Each structure stands twice: as C-alpha cells, then as structure tokens.
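# this one's structure only:
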C-alpha cells in the first residue's frame, strides 16, 4: 500500500462558509476500481478528504496491485471511524456498495456503513430546476461552479493505466492516477455549495431596483435571510446571480409579434380566396364554395408588443410563437410592473 497526502488552505476554495458546509466530523471519499462488478473487480484507490481548522487534508490509499486491496480497505475502515458522516458523489449507489462487497470478499468488517451518508449526486438532482444541466456527472457540476481540472481523464480510461503499473511501473502514469482521485475528492468540496440552494426557497426578499432595456428586465433583490452565498442560476428566460445577501439578475422578454390562438376556433370560418378569418355567424353572407371550416392553426390574431414568459400560470390572454410552441407568454408594459408581481415572478425563478 502507498499513501499520498495533500494539503490545501480553505481560503483557496473561496467559499465563505466552508466551515459550515464541511464540519470537522465529515469525511469526503471517492474510490477508483478496475470495473463495475465488485464480484470480479477490485478497488485500487480510495481518496479521503477532511477539514481540520483552516486546512483541507486529502489522503489517497493506493493498492499497487490487487493483492494489496485488503490493506487499503483496512486503512479506510480504521480512518473513517474517526468521523460521523461520509460525503460522496453517487456513493450511495456505487462507492459504498462496492466497498462493502470488497470488504466482505476480503473477510473484513465494514463498519463504515454505519456512518451517516450524504450523497452530493442525490442532492444535485433535487435542485435540477436551479442547475438546469444536460448531464449530472461530477465534472459537469464542477464546471457549473467554475471549476476546471488539471486532470483530463475519467475513471474508465485510467483502468488500463493502473493495470500496466503492476508489470511496467511508470511514475508519470501513477501520478495521473493520483491526480484524478485527488481532484475527485477536492472537487466535491466545491460541490458542497449545492446545499445552499435549500436556503433560497425559504428566504424573504425585497425588491431594491429594476429597469427594462432592450428586451431585458434587470433587477436587484435583497434578503435578510441569506448571507455568504455565491451561486448562479440559469433558467430558460433568466439568469440570476446570488452574492451574499443580494440577488442580481436579468429576465429576457420577447419584443415583436406573437400570436393569440382563439380557444373557440370551431366558431370560425376561413374564406380561402381572401385569406380571411370570420365568425361562423357570418357564413350565410358568403358563397359556400369560398369558405371552409377554420382549422385550429388558422385561428389567431397577431399582436405587436413586449411579452414575458408566463411561469406563474396566470389567468389572462396567452400568446405563442406558433401553435406547437409549448411556451406561453403574457403581454406586459415593462415600465408599469408592480413590485408585487416582480417579487412573485422572481420568487418563482428562485
């Protein structure tokens, strides 16, 4: 077994309340394996991270060969017993079950399963409406928080490198194995900020200011219930930046023409040669060969104006780009929006 240690100062992470997000009784961990089947494959790297005062400690346990697997499992078992909570990324589904089965295969206990488990992947999935990501792999979430690694490999790509080490040791390739596992653990520290999203829903806000300019409503909110947060939220029609007790953002509007589709389209006729839509009650005044039943896609009025995506399901006239558009808009006068309406709208985004 080989042990590799790293140290980082908490100030490096630029997370104001890191002490709250990562209490000293919590242990971050991540494993690297030779495959996905614990019955046939082994664990070759276990990365662990924890905070002591203002220092982040990361320790890697490396099995130079499968024969050393029991050594790193024993060390993890012993080390993890110093903590009350395990923090992982998808650990509930993969890391913990894999470690448990490998411990059993080696005739070892697995008391670490008695610790409280906190899975950052599960936490991220709770806040999909905030994150709005296509994929929820760890690196995708790290990119969301503006973190880009030195490591360019994924776990699967490193399996072959590990297997080569047993017969043909290469220091550079071993360093790549360590770098990947260390950055998996280090990256989870940034992902702890996902927990901050829970604070936004319960906060109360006051509207400090807003203005409309060239198709965008820009605004600033102040909250007395949140502090020390630094988050960004991307929505279909909005971008929000949370900074300490302020929320800055922009909401995109549509300037131009949208269509209002009549819900009672069966009460209209279409005059073919004039491309004209008329109420059915007037059909007797026009020759029958010139008219036909109006289709749903023909029954609309075009309106010029400024429109806002309706995320509040308001009971008022809705406009669309076209009939198949799933998004519905309401017409607004951006210079006469009430504070109450804007607070409700932005609160829905949050």
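Arrived safely. Bear in mind the structure is a predicted one, so any value in this text is a computation, not a measurement.
# going forward, measure contacts between C-alpha atoms and count neighbours the same way
Will do.
# ok, now which ones touch the most centrally placed residue in the chain?
For the chain, the residue nearest the mean C-alpha position is residue 131 (3.0 Å; CA atoms, centre = their mean). When contacts are counted by CA atoms under 8 Å, 6 or more residues apart in numbering, residue 131 is found next to 124, 144, 233-234.
# Which of those residues fall in strands?
Counting by DSSP state E, the contacts of residue 131 place 233-234 in strands.
# need the contacts of residue 131 in a markdown table with neighbour count, can you?
What follows is these, written out as a markdown table (neighbours: other CA atoms under 10 Å):
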| residue | neighbour count |
| --- | --- |
| 124 | 23 |
| 144 | 18 |
| 233 | 18 |
| 234 | 17 |
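# Including distance to residue 193, could the contacts of residue 131 go into CSV?
Listed next are those as CSV, based on distance: CA to CA, whole Å:
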residue, distance to residue 193
124, 10
144, 11
233, 13
234, 16
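# Domain map for this structure?
According to automatic domain parsing, the chain comprises the domains 2-197, 210-262+299-350.
# Residue 272: which of those domains is closest?
Proximity to residue 272 (CA to CA) singles out domain 210-262+299-350 among those, at 13.4 Å.
# Quick one: mean pLDDT for that closest one?
Domain 210-262+299-350 shows an average pLDDT of 90 in the prediction.
# Just put the domains of the chain in JSON lines and tack on distance to residue 272.
Output for the domains of the chain, formatted as JSON lines (distance: least, CA to CA, whole Å):
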{"stretch": "domain 2-197", "distance to residue 272": "45"}
{"stretch": "domain 210-262+299-350", "distance to residue 272": "13"}
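# Which among those domains is found nearest to residue 274?
Short answer: domain 210-262+299-350, nearest of the domains of the chain by CA to CA, at 14.6 Å.
# Next, the distance between the ends of the closest one.
17 Å (CA to CA, to the nearest Å).
# Could you work out the end-to-end span of stretch 196-209 for me?
24 Å.
# quick one: contacts of it?
127, 130, 219-226, 229, 339, 343, 350.
# again, but for stretch 53-63
Around stretch 53-63, the neighbours that count as contacts under CA under 8 Å, 6+ apart are 1-11, 24, 43-51, 69, 71-72, 75-76, 178, 181-182, 185-186.
# Show me which residues of it are buried.
Across stretch 53-63, burial judged by 16 or more other CA atoms under 10 Å covers 56-63.
# For it, give the mean pLDDT please.
98.
# which ones are touching the closest residue to residue 109 other than its chain neighbours?
Nearest non-adjacent residue to residue 109, counting by CA to CA, 6 or more residues apart in numbering: residue 103, 6.3 Å away. Shown in contact with residue 103 (CA under 8 Å, 6+ apart): 70, 73, 109-110.
# Dump these to TSV, plus pLDDT, distance to residue 311 and secondary structure.
Converted to TSV, the contacts of residue 103 look like this (pLDDT from 0 to 100; distance: CA to CA, whole Å; DSSP: H, G, I helix; E, B strand; the rest coil):
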residue	pLDDT	distance to residue 311	secondary structure
70	97	55	helix
73	98	51	helix
109	90	52	coil
110	91	48	coil
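# and residue 92, what is it in contact with?
Contacts of residue 92 by CA under 8 Å, 6+ apart are 117, 119.
# that's a strand at it, yeah?
No: Residue 92: not assigned to a strand; according to DSSP: H, G, I helix; E, B strand; the rest coil it is helix.
# Now do it against residue 120, distance only.
Residue 92 is 10 Å from residue 120, by CA to CA.
# ditto for residue 217
In terms of CA to CA, residue 217 sits 34 Å off from residue 120.
# Equivalent analysis for residue 231, please.
On the measure of CA to CA, residue 231 and residue 120 end up 16 Å apart.
# out of these two, which sits in the more crowded spot?
residue 120 (22 against 18; other CA atoms under 10 Å).
# so who does the closest residue to the more buried one other than its chain neighbours touch?
Closest residue to residue 120 apart from its sequence neighbours, by CA to CA, 6+ apart: residue 89 at 4.9 Å. In this structure, residue 89 makes contact with 30, 119-121, 138, 188, judged by CA under 8 Å, 6+ apart.
# per-residue confidence at residue 89?
98.
# Start at 754, not 1
Understood, numbering begins at 754; the last thing we discussed is residue 842.
# Now list the buried members of the contacts of stretch 806-816.
Neighbour-count burial (16+ other CA under 10 Å) is assigned, among the contacts of stretch 806-816, to 754, 763, 777, 796-804, 822, 824-825, 829, 931, 934-935, 938-939.
# Could you pick out the longest helix of this structure?
In terms of residue count, the longest helix belonging to the chain (DSSP state H) is helix 924-944.
# helices or strands up against that helix?
Applying 3 or more CA pairs under 8 Å, 6 or more residues apart in numbering; DSSP states H and E, one finds that helix 924-944 makes contact with strand 779-786, strand 796-805, strand 808-815, helix 891-897, helix 908-920.
# Residue 1024: which of those is closest?
Closest to residue 1024 of the helices and strands packed on helix 924-944, according to CA to CA: helix 891-897, at 53.6 Å.
# about what we covered before: can you flag the buried ones in the contacts of stretch 949-962?
Taking 16+ other CA under 10 Å as the criterion, what is buried in the contacts of stretch 949-962 is 883, 972-976, 979, 982, 1096, 1103.
# from those residues, which is closest to residue 1033?
Using CA to CA, residue 1096 is the member of these that lies nearest residue 1033, at 43.1 Å.
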